[in-house]
Structures are given as C-alpha cells and as structure tokens.
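> Output the structure for:
(chains A and B)
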Amino acid sequence: MLELNGITKQFGKFTALDGIDLAIRQGEFFCILGPSGCGKSTLLRIIAGFETPDSGSVIFDGEDISRTPPYKRNLNLVFQSYALFPHLNVLQNIEYGLRIKKVSESEIAERVNKVIKSIGLSGLEHRLPSQLSGGQQQRVALARAVVNQPKMLLLDEPLSSLDKKIAEQTLLELTDLQKRLGITFIYVTHNQSEALTLADRIALFNNGRIEQLGTPEEIYKRPASHFAADFIGKMNFLPVSYKDRVNGHFHLKLFDEWEILYSHNNLTDQKTEPLFCLRPESLRISESVPGNGYNSMPGTLKHVLYMGEARAFEFEIKPGYNVLVKYQGDNEINPLPGADYYIIWEKENGWIIDSPK
Amino acid sequence: MTPRNNRSEFWGYLAPPLFWFLIFLVVPLILIVIYSFSYKELYGGVTPGFTFESYSIIFRDVYFTIFIKSFLITTAATILTILLGYPVAYYLAFSKSKIRYLFLVLIVLPLWLNFLIKIFSFITIFGENGVLNQFLMALSIIDKPLPLLNNLWSLITGFLYINLPFFILPVFASLDKLDQRYIEASLDLGATPVQTFFRIILPQSVPGLMAGVVFTFIPTLSNFLVPEFLGGVNNYMLGNLITSQFLQARNWPFGSALSMILIFMVVFSVSLYLRYYGNTKNNMLSEF
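All right, here's what the predicted structure looks like:
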C-alpha cells in the first residue's frame, strides 16, 4: 500500500534520513519508533507531503507521490499538537475537509454525526478548541482526520501531551478504532511501550536509519543490535566468548569463566564482538546450581528495589558489571542483600548481539 | 504588607501619570465640551452659555460636504493601505529569506522621522521641479512637468506613505505568530494554498488587520498636515476645518463641536474593536 524506496533527506549538514526502505501493508498498524532526532517525524512529514525527499520515492497505492502536494494526497495526519483551528468550533473543525471537498450538505451531516458519536464528542460540537481538555482536543483532531475516510492515517506522537491515565485509555481506543475502520495507521512515537502495545509491526529508527523492522515480539525478544536491545525495555549486557558447538547447542563462556549453553542459531555468522543479552524478567534467583536446561552465574545481591507491582534485585557479578533481576508480584523469595546467590535462566532466554553500537 | 499600605503605594505610583492625564487630557477635554456649547463672540472669544448653534452649523452644506469627503478620502486611503500593506506583512511573516528582517527595518525606519520632514521629502520628490519630474524631463520622456502634487492622488499617496508602517506592523505581528501547523493541517485536509489563505490565515489575522485599520483610519480622518501640504485647494479635510476654526476663523465653539464629533467617532470605532477583539488573546492593541 505504501512503499518507501531509498528515502534520504538532508537539513544543511544534518542527515535526517539516510536511505529508508519500507513497505507498509494495507490495514496494518505500523509504528515508527525511535529517540528524538532519529528522523521519524521527518519521514512522517515526507509521507504527508510537507517535505520532499532529496532522493528516493514514495509510492502510495501504486502511484509515485513523492512530489504531490499534501492537499492532493488521500491520507491524513493527526498532529502532535493537534493543530485544531482556533477560530472554528469542534463541528466546523471536523467538517473542514468535507466542506473543502464540496461534499453535499446531507452527506457532511451524516458522516460528521457518525464520527462524533463513535469518537465520543457528543455535546461538544459548539465548543471552541480552547474550551476543551487535552483529551477532548485529541479526539477532535482524530475525528477531523477520520471523517475524510482516508486510505491511511498518520499519527505524530498523538498521546505525548496527554497525562498518563488518559493516554493509556486513548491507547486502547486507538487500537479499537483502527480495527473498526480498517484504515492503515502509521504511528510515530518515542515511547516504546506504546509501540509494543499498539503495533502490528515496528520500525525502530536511529540516526536516520532503520535499526530493526519486525513485530513487537521479534524486536523485544530478538533485538538486532545493541541500540535495539538497549532502547526497548530493560536489558542486561554481559561479555561473552564463543567456545564450540555440540549437538546443535553453542557452548559459550561468560566473562571467560562460566560456561553456558545457547540455543538460538544467530551465531553462525561469527560475531566480531559478541554481547550476551538477558531480560531482567527472564532471570531467577537460586541458592544452588540449577539442573539441566538452565544456565547460571554467581552474583552478590547489592540492592532490592521495590516497584509496587514488581521487585527488582541488583546483583554484582564482577566489579563494574551489575545484573538486574525482576520478579512480578510479591512472591516466593526474600534474598538478603550482601549474600551470594546464583542467577539462573532457561537456555532459550539469552540472546546474542554484536556490540558495536 | 497590609492592604492599606498596598493601596497607598498604588496611588503613590499612579499619582504622576494621573496628574499628567488630568492636566493634558481631562482639562482640555472638559474645555472643549464647554466651548462647544458656548456662544462665539464677534472677534473670536467665547461667551459661556448653552446652545446647540455650533453643532447645527455642521449640517450646513459646505461643512457637511467636507465631512463626507473626509470620510470618503479616509476610507479610500484605508482600503488602499490594506491592499498594499497586507501582502507586505504576509511576505515578511512567511518568507524564509534572510533579507526579510532588512525589509522590516526599512519599514520601521520612516517612523523615526519627523512627520513634516516626511511630507517635505515627498514634495521634493514629486513637486513640479521635483526629482522625479526633472529626471523624466532629462530623459525626454515628458516635455513639461507632470502635475504630481496638490491633487487627490498626491493626497492619498501621502496618506499611504504615512500609514503603511502602522498598518504593516500589527498585521505582521498577527501573521508571524500564526502557528505553521494550522496551515499544514489545512493543506493536509485537502485545502489548496488559496483556500487555506481565505479559510485559515485571513480569519486568524483579522484582529491584527482591525488593529491596523484603527491605527490608520483614525489618524487619517483627523490629519490636517497631509491635506494642507499635499492635497491642494480642493481637498480640504475635517482636520483642516478644525484647525482653521481655531487658528484663522477663530470660531472656537464651532471648532470644539467638530472636535467633539471626531472624538465620538474615534471612541465609537475603538469600542467596536474592543468589543469584538478586546478580550481575545490576539488583541493587538494590548501589545502596543
């Protein structure tokens, strides 16, 4: 449905986008995730038509729209700041696109009413944007875009200026809305948990390039790079070296000291500087060496961090190398700070990346 | 600090400007009110009393024509100011060029010049033996000087010259703070740049535009120097009429009555402006 081929964009000496290739499918909820300055907003502006790429092409529905002005593109953008017209009321804001397109009065009324009902704006029709709360403004911005029945909806950090409670609620409504309308969504955010929750697929951006493209699970469980592993969630990184391969399992050594088993096959192309990644929630604490199927390493408990719904334990493995272990809920164990334990994990849970960042 | 202390401090700070206002605004205004209802003496003095005589003179043909004519000239000058000034303000606000700040300075620069000097420089350029005529004659484009002064055109051009900075600045201010994203949102919703101008940009610059109109319409209506020096004999305006009543005809009551009418017109138009734009965030008068 939307194809980006080799998009580059330069602002002076700053390279905002450096050869972006992407294909977004019909009906997909696609997230562009990345830290600020990674080029994600520039890409969105190129798709919307507010910027033209220095090179590369934007193919929308089989048509090259790289140089088509924004008002001739059949897609709509929900702005981060909403950009509701301050001199028009809610109704006039929502109708704007339809009036421009000279849609008949009866159809305008019908479509606007439908959208107002389904997005929950009834009763606010005659308010001005300045008389609305942040959450309400966000809904109006959404309604104003959706009422045009675009083939694709672009959303630029639509939740970033809402407070946390409302943002979480809106998050769920957004997925619901996308499923109901069947419109392709491209959602730009710097918030990894929003991306993991919402997306069918995520493109992780860094320095104007795509660092990794995949489903949320792929990106969370099998990060392609140090940046991807570090940006999404919490991750423990440990130095590792390759030893040999027996019966399909790799034998590795952590810190050149503790032998562990590794069962993923992304080791075949020899990593130059491998790093071993472990998610804190995949680790457990044990007083003894575990049995088959588990890996382990010894560590000294330094701190216990109480986080409400979870507890985190910080271990020192070697001077300068700390490992975080996370337990959900108030369960099982009560390890003592200062004491020595084994940190254990199922051998499927580790993941190796190449370290150069 | 007790409220009482607070209050005495408040009045303490306010006393000098209040005194100034009293002497130079309130007292003269009261005098004009009193004069306008008084009888005129034969040789120019004022006899206290109460009569509507001075107000009724206004409706005599000669004077009423001047009233109407002043109004029409001022309206024409204001419309031309809008037509010429708005595009300039638009360019200044939206151009990405770096020279735009130079243009802004060039527009503000004439405001530092004395009013009379501006008028005389105008005469130097457009007069019968002025720079422009001399130049055109030297090039043999014309064989006798063009009548560029002392007519309606020179009068209105003079007003434009004086007024444009006062119009351009508030309009520029309102356009410059217009969020670029409103324009982008409009384009995104399918509006062409022209539709976007009329539906988004123009409506949001109306407060600045109205401030600009207030800043130019009122001074133009009461101006007497521009018609005096650039308007010739046929373009006598309200400002000239009032000046002549005080300085030449020495009919102070009539001059005062005319001033009263002018003051009411000004108060009326400013209150209209404040009524519609006074409590919006975009109120330009509050920024100057």
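
> what residues go with each domain of chain A?
Domain segmentation of chain A under automatic domain parsing yields A:2-228, A:234-354.

> Go through those domains and name the closest to chain B.
Comparing these against chain B with C-beta to the nearest C-beta, the closest turns out to be domain A:2-228 (3.8 Å). For every residue, glycine as well, the C-beta is placed using N, CA and C.

> Strand partners (parallel or antiparallel) of the longest strand anywhere in chain A?
Assignment by DSSP state E gives strand A:294-306 as the longest strand of chain A. Sheet pairing of strand A:294-306 (DSSP bridges) gives strand A:310-318 (antiparallel), strand A:340-346 (antiparallel).

> burial measure for the residue of the stretch 1-150 of chain B found nearest chain A, as a count.
Nearest residue of the stretch 1-150 of chain B to chain A (C-beta to the nearest C-beta) works out as B:Lys96 at 13.0 Å. Neighbour count for B:Lys96, taken as other C-beta atoms under 10 Å in any protein chain shown: 5.

> contacting residues for B:Tyr35?
By C-beta atoms under 8 Å, 6 or more residues apart in numbering or on different chains, B:Tyr35 lies in contact with B:Val46, B:Trp252, B:Pro253, B:Gly255, B:Ser256.

> Just to be sure, the fourth one is in a strand?
No - residue assignment for B:Gly255, taken from DSSP: H, G, I helix; E, B strand; the rest coil, gives helix, which places it outside any strand.

> That one: what's its closest spatial neighbour, skipping adjacent residues?
Once flanking residues are discounted, B:Gly255 sits nearest to B:Gln245: 3.2 Å by C-beta to C-beta, 6 or more residues apart in numbering or on different chains.

> In three-state terms, how would the one you found be classified?
helix.

> right, and it touches B:Gly239 too?
No - taking contacts as C-beta atoms under 8 Å, B:Gln245 lies outside contact range of B:Gly239: 11.0 Å.

> hey, where'd the helices end up in the chain?
I'll assume chain A. For chain A, helices defined by DSSP state H occupy the ranges A:40-48, A:90-100, A:105-119, A:134-146, A:164-181, A:192-198, A:216-221, A:226-231.

> That was the other one, I meant chain B.
For chain B, the helices defined by DSSP H occupy B:3-21, B:27-36, B:53-57, B:61-94, B:100-108, B:115-126, B:131-138, B:152-176, B:180-188, B:193-196, B:202-222, B:225-230, B:238-247, B:252-277.

> what sits up against the third one?
In this structure, residues lying in contact with helix B:53-57 by C-beta under 8 Å, 6+ apart are B:Ser36, B:Phe37, B:Ser38, B:Tyr39, B:Lys40, B:Tyr63, B:Asn251, B:Pro253, B:Phe254, B:Ser256, B:Ala257, B:Met260.

> Leaving out the residues flanking it, which one is nearest to the last one?
When you say that, I think you mean B:Met260. The nearest residue in space to B:Met260 (C-beta to C-beta, 6+ apart) is B:Ser36, at 5.1 Å.

> Number of residues surrounding the one you found?
By other C-beta under 10 Å, the residues close to B:Ser36 number 23.

> Repeat that for A:Gln80.
So A:Gln80, with other C-beta under 10 Å, has 19 neighbours.

> in the longest strand of chain A, what's buried?
A:Tyr294, A:Asn295, A:Ser296, A:Met297, A:Gly299, A:Leu301 (16 or more other C-beta atoms under 10 Å in any protein chain shown).

> got the residues you listed as CSV, with distance to A:Ser225 columns?
Listed next are these as CSV, based on distance: C-beta to C-beta, whole Å:
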residue, distance to A:Ser225
A:Tyr294, 27
A:Asn295, 23
A:Ser296, 27
A:Met297, 24
A:Gly299, 26
A:Leu301, 31
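
> and these as TSV, adding pLDDT and distance to A:Lys151?
Formatted as TSV, those follow (pLDDT from 0 to 100; distance: C-beta to C-beta, whole Å):
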residue	pLDDT	distance to A:Lys151
A:Tyr294	87	50
A:Asn295	89	49
A:Ser296	87	53
A:Met297	89	52
A:Gly299	90	54
A:Leu301	91	55
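
> still on that earlier bit, what is the nearest of the contacts of B:Tyr35 to B:Phe24?
B:Ser256 (16.9 Å; C-beta to C-beta).

> OK, contacts around that closest one?
Contacts of B:Ser256 by C-beta under 8 Å, 6+ apart are B:Leu31, B:Ile32, B:Val33, B:Tyr35, B:Ser36, B:Ser54.

> need the contact list for the first one.
To tie it back to what came earlier, the one meant is B:Leu31. With contact set as C-beta under 8 Å, 6+ apart, B:Leu31 has these partners: B:Ser256.

> Next one, pLDDT for it please.
We have a pLDDT of 92 for B:Leu31.

> where does A:Pro335 sit relative to A:Ile343, distance-wise?
Relative to A:Ile343, A:Pro335 is positioned 11 Å away (C-beta to C-beta, to the nearest Å).

> Please apply the same query to B:Val233.
In this view, B:Val233 and A:Ile343 are 103 Å apart by C-beta to C-beta.

> Those two: which has the busier surroundings?
For B:Val233 versus A:Ile343, the count of surrounding residues by other C-beta under 10 Å is larger for A:Ile343: 23 against 7.

> Let me see the contact set for that one.
By C-beta under 8 Å, 6+ apart, the neighbours of A:Ile343 are A:Leu283, A:Arg284, A:Ile285, A:Ser286, A:Ser296, A:Met297, A:Pro298, A:Gly299, A:Phe315, A:Ile317, A:Val323, A:Val325.

> let's see 7 Å
By C-beta atoms under 7 Å, 6 or more residues apart in numbering or on different chains, the residues touching A:Ile343 are A:Leu283, A:Ile285, A:Ser296, A:Met297, A:Gly299, A:Phe315, A:Val323, A:Val325.

> A:Thr300 versus A:Pro319, what's the distance?
A:Pro319 is 11 Å from A:Thr300, by C-beta to C-beta.

> of all the residues in the stretch 101-250 of chain B, which ones are close to chain A?
Contact residues (C-beta under 7 Å from any C-beta of the partner chain) of the stretch 101-250 of chain B with chain A: B:179, B:181-182, B:184-185, B:187-192, B:195, B:200, B:203-204.

> So how do I select the buried members of the residues you listed in PyMOL?
With 16+ other C-beta under 10 Å as the criterion, this PyMOL line picks the buried residues out of these:
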select buried, chain B and resi 181+182+184+185+187+188+189+190+191+195+200+204
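
> so which of the residues of the stretch 101-250 of chain B next to chain A comes closest to A:Ser122?
Minimum distance to A:Ser122 across those is 22.1 Å, recorded for B:Leu189 (C-beta to C-beta).
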